[in-house]
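Enquirer: Fold the following.
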Amino acid sequence: MSDHIAEDDADDGPRYVVGVDFGTLSGRALVVRVADGAELGTAVHPYRHGVIDRVLPSSGRELPPDWALQDPEDYREVLRNAVPAAVAEAGIDPALVIGVGTDFTACTVLPALADGTPLCEQARHRDRPHAYPKLWRHHAAQPQADRINALAEKRGEPWLPRYGGRISAEWEYAKALQLLDEDPELYHLADRWIEAADWITWQLTGVETRNACTAGYKGILQDGARPSAEFLAALDPAFADFGAKLDLAPGEPGVSPLGARAGSLTARAAAWTGLPEGIAVCVGNVDAHVTAPAAQAVEPGRLVAVMGTSTCHVVSAERRVEVAGMCGVVDGGIVAGLWGYEAGQSGVGDLFAWFADHGVPPYVHAEAAERGLTVHELLTEQAAAQPVGAHGLVALDWHSGNRSILVDHHLSGVVVGLTLGTRPHEIYRALLEATAFGTRVIVEALEAGGVPVTEFVVAGGLLRNAFLMQLYADVLRRPIGLIASAQGPALGAAIHAAVAAGAYADVPSAAREMGGRDARVYHPDPGRAAAYDALYAEYLRLHDHFGRGADGTLHRLREIRLTATAQRTEEP
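Expert: Predicted structure coming up:
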């Protein structure tokens with residue numbers, strides 16, 4: 001039997017699927033032809049509220065440092081706007097769409113009632129920060145993560161090594177424990193603590209589901225079980241019931257494999273999207289993991305680095321090993337039948353944007369405007385003209401904390417070697433290099449732990465920066481391949497939708513037909529690679545001094561900042 005089912009049986013023309021990628025600042029819809037993965041129409045809808053990290057939009061209430069929230073109505077607006085616009089651009093008959101797939105940033109998680117209503121959408125809770133979805137980059141739960149890790153290590157919890165020995169402050173348990181600590185009433189009112197990836201699928205189908213990706217990586221589900229009620233009660237007696245907020249009701253189907261059909265598009269969701277009622281809706285997925293099939297990287301050893309505001313590194317292997325500092329290893333976490341490994345860097349594109357927005361003097365903006373360039377383009381051009389090491393700088397890429405391999409979001413950025421002669425493009429280049437060094441740390445940790453990395457493939461918006469791609473090839477001392485699509489997550493979601501709709505037998509067969517690689521490959525230059533080795537050695541010294549050693553400077557500086565912020569807030 002052919003792996004490609006739908007086109008073999010179709011006698012009335014082509015079939016299409018829609019992938020919807022819910023990112024940090026916007027959502028994107030992509031219309032894809034099932035037969036060959038051709039991308040026919042796309043549309044982006046920015047979130048009206050963006051990232052809520054300063055004040056609540058409902059009241060102007062100021063948020064503490066390290067908070068990052070969102071408004072779930074922004075997600076629905078993507079369905080109402082981006083999907084119809086993408087279908088219109090594609091110029092297809094919506095009746096020929098056979099399935100919808102979605103992906104989400106993760107861990108983006110929200111408290112909801114048993115019927116899926118987010119607590120922030122109840123009028124009496126609109127001014128309570130903990131009622132809102134906590135975005136992946138909400139890092140205020142580090143103290144709770146520290147408690148979880150200390151107790152798990154003390155008790156010898158068997159699941160801890162599968163997460164590199166540390167649960168991240170970004171994941172479900174730390175954020176939920178923060179909710180219990182700081183707003184216990186809301187914690188008890190929440191029937192569900194649900195990933196946005198599963199919540200949006202619920203909105204589309206009216207059926208509550210859980211997907212294997214977020215359940216495994218973000219929800220500590222291993223071998224069919226979560227942390228015990230005894231462990232949770234040892235953290236806080238009121239936390240003992242937390243597992244019930246993550247799981248489905250007794251008797252309901254459990255966690256679904258990736259590519260499975262979650263249900264059918266409801267009449268309400270059909271009205272939002274303009275798509276046919278009753279078509280297949282795939283179970284949820286994470287933006288990085290769903291991209292691997294789009295890059296034709298579902299075989300063991302093919303690592304995909306999805307480089308955007310942050311970078312997520314995903315790779316599959318045939319066996320399970322425990323790698324220190326990884327975000328997790330999950331059976332079927334990327335593709336069924338293989339162990340999926342995840343690592344990541346919490347600030348990459350965000351780091352470059354921060355410097356361009358806040359660290360560049362007016363004369364740079366003026367020159368960029370005069371030449372018709374963006375600030376990023378000008379800084380990249382100037383940085384590329386310098387030999388490796390000419391800036392005399394080394395930076396640590398921890399402006400948004402460290403996800404892998406230190407798993408510590410109380411760390412912060414460092415730039416060493418500044419002089420009165422240092423210029424903006426030199427700092428910019430040092431930040432670019434720092435992210436590449438951070439990726440090298442991750443790749444070396446994977447290989448040292450027994451996970452082969454045979455290919456390195458980049459997806460995401462940053463692959464358009466040719467200088468950055470060459471820099472990564474030189475730092476990593478390995479070729480850098482590129483995904484063919486500019487919409488990797490949305491294409492990956494569409495590929496999974498095709499499987500859920502029955503067009504392909506499984507995700508690998510769909511990936512062979514619908515995914516693709518760019519013919520361009522960046523190869524390392526031996527001379528530059530040797531020069532970067534010297535800088536990387538200095539990066540490692542700083543990495544271990546500030547991240548592993550007993551120095552504690554970055555943690556103390558954070559405490560000083562929090563104390564000063566609290567005092568300012570309390571002043572009349």
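Enquirer: Show me the strands in the stretch 401-550 of the chain, by range?
Expert: 414-416, 455-459, 480-483, 517-522 (DSSP state E, counting those that start in this stretch).
Enquirer: Name the residues of the longest one that come out as buried.
Expert: The reference is to strand 517-522. Using 16 or more other Cβ atoms under 10 Å as the test for burial, strand 517-522 gives 517-518, 522. In short, each C-beta sits where N, CA and C put it, glycine included.
Enquirer: Other residues contacting it?
Expert: 295-296, 457, 466, 469-470, 472-473, 479-484 (Cβ atoms under 8 Å, 6 or more residues apart in numbering).
Enquirer: pLDDT (mean, whole number) over the longest helix along the chain?
Expert: If you go by DSSP state H, the chain has its longest helix at helix 424-448. Here helix 424-448 scores 98 as its mean pLDDT.
Enquirer: Now that helix: buried residues?
Expert: 424-443, 445-446.
Enquirer: between that helix and strand 455-459, how many degrees?
Expert: 130 degrees (axes from the mean of the first three to the mean of the last three Cα atoms, to 10 degrees).
Enquirer: So, low pLDDT: which residues of the stretch 251-400 of the chain?
Expert: The stretch 251-400 of the chain contains residues with pLDDT under 70 at 251-252.
Enquirer: Do you have the strands of it handy? List them.
Expert: 261-264, 280-282, 302-307, 311-317, 328-331, 339-345, 394-396.
Enquirer: Distance to Arg371 and mean neighbour count for those strands - can I get that in TSV?
Expert: Shown next, in TSV, are the strands of the stretch 251-400 of the chain (distance: least, Cβ to Cβ, whole Å; neighbours: other Cβ atoms under 10 Å):
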stretch	distance to Arg371	mean neighbour count
strand 261-264	49	20
strand 280-282	45	29
strand 302-307	26	27
strand 311-317	29	26
strand 328-331	45	23
strand 339-345	31	26
strand 394-396	26	25
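Enquirer: Quick one: closest of those strands to Ala505.
Expert: strand 261-264 (13.5 Å; Cβ to Cβ).
Enquirer: name the helices or strands packed onto that closest one?
Expert: Here strand 261-264 touches helix 196-205, strand 280-282, going by 3 or more Cβ pairs under 8 Å, 6 or more residues apart in numbering; DSSP states H and E.
Enquirer: so of the ones you listed, which one's packed in deepest?
Expert: strand 280-282 (a mean of 29; mean count of other Cβ atoms under 10 Å).
Enquirer: Pull up the pairing partners for it, direction included.
Expert: In the sheet, strand 280-282 lines up against strand 97-104 (parallel), strand 261-264 (antiparallel) (DSSP bridges).
Enquirer: returning to that earlier point: can you add mean pLDDT and distance to Gly156 and give the strands of the stretch 401-550 of the chain back as TSV?
Expert: Listed next are the strands of the stretch 401-550 of the chain as TSV, based on pLDDT from 0 to 100; distance: least, Cβ to Cβ, whole Å:
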stretch	mean pLDDT	distance to Gly156
strand 414-416	98	34
strand 455-459	97	35
strand 480-483	97	40
strand 517-522	92	43
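Enquirer: Which among those strands is found nearest to Gly116?
Expert: Once the strands of the stretch 401-550 of the chain are compared by Cβ to Cβ, strand 455-459 is nearest, at 30.9 Å.
Enquirer: residues making contact with that closest one?
Expert: Contact partners of strand 455-459, identified using Cβ under 8 Å, 6+ apart, comprise 291, 294-295, 297, 301-307, 443, 469, 472, 476, 478-483, 485, 488-489, 517.
Enquirer: Same check on stretch 363-373?
Expert: With Cβ under 8 Å, 6+ apart, stretch 363-373 has contacts from 374-375, 377-379, 381, 424.
Enquirer: ok, 6 Å please
Expert: Residues from elsewhere that reach stretch 363-373 (Cβ atoms under 6 Å, 6 or more residues apart in numbering): 375, 378, 424.
Enquirer: Kindly report the same for stretch 158-169.
Expert: Taking Cβ under 6 Å, 6+ apart as the rule, stretch 158-169 contacts 139, 141-142, 145, 148-149, 152, 220, 222, 322, 324-326, 328-329, 407, 409.
Enquirer: How about stretch 238-253, which residues are buried there?
Expert: Applying 16+ other Cβ under 10 Å to stretch 238-253 flags 239-240, 242-243, 245-247 as buried.
Enquirer: Output those residues in TSV; the columns should cover distance to Ala95.
Expert: Supplementary listing: the buried residues of stretch 238-253 in TSV, determined by distance: Cβ to Cβ, whole Å:
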residue	distance to Ala95
Phe239	49
Ala240	50
Phe242	44
Gly243	43
Lys245	39
Leu246	38
Asp247	37
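Enquirer: and the two most separated of those residues?
Expert: Phe239 and Asp247 (14.9 Å).
Enquirer: just checking, what packs against the longest helix of the chain?
Expert: In this structure, helix 424-448 makes packing contacts with helix 349-358, helix 375-384, strand 394-396, helix 466-476, judged by 3 or more Cβ pairs under 6 Å, 6 or more residues apart in numbering; DSSP states H and E.
Enquirer: in the last one, what counts as buried?
Expert: Residues of helix 466-476 classed as buried by neighbour count (16+ other Cβ under 10 Å): 468-476.
Enquirer: Run the angle between it and strand 455-459 for me.
Expert: 150 degrees.
Enquirer: Measure how far the direction of helix 466-476 deviates from that of helix 349-358, in degrees.
Expert: Using the same axes, to 10 degrees: helix 466-476 against helix 349-358 is 130 degrees.
Enquirer: Neighbours of the nearest residue to Thr419 once chain neighbours are set aside, how many?
Expert: Counting by Cβ to Cβ, 6 or more residues apart in numbering, Gly392 is the residue found nearest to Thr419 once chain neighbours are left out, at 7.1 Å. For Gly392, the neighbour count with other Cβ atoms under 10 Å is 14.
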